[in-house]
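Asker: sequence first, predicted coordinates after that:
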Amino acid sequence: MEFWIVISKLIIFLYIVFSYVYSSVTNLPWIVFTLLLYFCTNVAIYIFKKDAVKKVFILASIVMIVVSHEQIHPLLLLFLPLNLYEFTSYYIQRRWMILFIMLLPVMFAQENIRMTYSLIAVFDFVVYTMAKLYTERLCKFEVDNDMMRKDMQRLTKNLNENKAYIRQSEYTFKLEERNRLSQEIHDKIGHSMTSALIQMEAAKRLMDTDKEKAAELLQNAISFFLIAIYKFGRNNDARNFI
């Protein structure tokens, strides 16, 4: 915003300088001194960052313009609108009130510069207002971008945490399933092996007295072993799949 204000002041400054160059004035040294003093004062406004210091220099520039308009040359009043806008914008938010204050000095201006003063006041008002609106919109975009960036970081963090939780849940599920299958293998195969051993022990005792019954018991033991081997292979495939 300050860039456009400086450009506006520079345009008015050059306009007044060329007006003096192509006109005959008797107190040219005082005019040059006033122009230099105005230039230095307004440069100081943008050098300092504190609003209190800025207000002091703006007020000093306004006083200097009013005095020089009365004592040196009426055309110097054309510097006044922008300084009035800068000063009143600190205290007044309604733009039409600021424009009204900027146009008030036209009543005290000489007849030959009233139209020029009014045009410059309106021009300065439009430039300053557009620059201020642009700056406010830019600040709003920056705030929105910061909020979006923070939201994006938060969502990314939540997504990473959710992925970690999902991986942990999958690992826990696989571990529990492996434990369940291991317990199932232990129970089923252990039961089959125990039954087979009992059948073999019984067949051993009947080997001398009842060979037919012993052969039947051995066949049962073999069947239990086959069942155990089949269950072990199937459960092992399930564990490998997990």
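Answerer: Good, I have the coordinates.
Asker: would you map the helices across this protein?
Answerer: In the chain, helices defined by DSSP state H lie at 2-21, 28-47, 51-71, 80-88, 95-103, 114-206, 211-241, listed in chain order.
Asker: average pLDDT for the fourth one, rounded please.
Answerer: In this model, helix 80-88 has a mean pLDDT of 88.
Asker: ditto for the longest one
Answerer: Confidence over helix 114-206, taken as the mean pLDDT, stands at 81.
Asker: still on that earlier bit, most neighbours per residue, which of the helices of the chain?
Answerer: helix 80-88 (a mean of 23; mean count of other C-beta atoms under 10 Å). All C-beta spots, glycine's among them, are computed from the backbone N, C-alpha and C.
Asker: hang on, I72 packs against T34?
Answerer: Yes - proximity of I72 to T34 meets the contact threshold set by C-beta atoms under 8 Å, at 5.5 Å.
Asker: how many other residues sit next to the nearest residue to R114 once chain neighbours are set aside?
Answerer: Beyond its immediate neighbours in the sequence, the residue positioned closest to R114 (C-beta to C-beta, 6 or more residues apart in numbering) is V106, lying 5.3 Å away. Burial of V106 is recorded as 17 neighbouring residues (other C-beta atoms under 10 Å).
Asker: how about the contacts made by V106?
Answerer: Residues in contact with V106 (C-beta atoms under 8 Å, 6 or more residues apart in numbering) are R114, Y117, S118, A121.
Asker: got JSON lines for the residues you listed, with distance to Y128 too?
Answerer: As requested, the contacts of V106 are exported to JSON lines (distance: C-beta to C-beta, whole Å):
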{"residue": "R114", "distance to Y128": "21"}
{"residue": "Y117", "distance to Y128": "16"}
{"residue": "S118", "distance to Y128": "16"}
{"residue": "A121", "distance to Y128": "11"}
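Asker: ok, those vs Y22, which is closest?
Answerer: Y117 (19.1 Å; C-beta to C-beta).
Asker: any idea how far the closest one is from F173?
Answerer: 82 Å (C-beta to C-beta, to the nearest Å).
Asker: for E2, what are its contacts?
Answerer: Shown here is E2, whose contacts under the criterion C-beta under 8 Å, 6+ apart are Y46.
Asker: quick check: I11 vs V17, distance?
Answerer: Using C-beta to C-beta, one obtains 11 Å as the distance from I11 to V17.
Asker: go on, Y165?
Answerer: Noted for Y165: a distance of 72 Å to V17, by C-beta to C-beta.
Asker: what of T194?
Answerer: Using C-beta to C-beta, T194 is found at 114 Å from V17.
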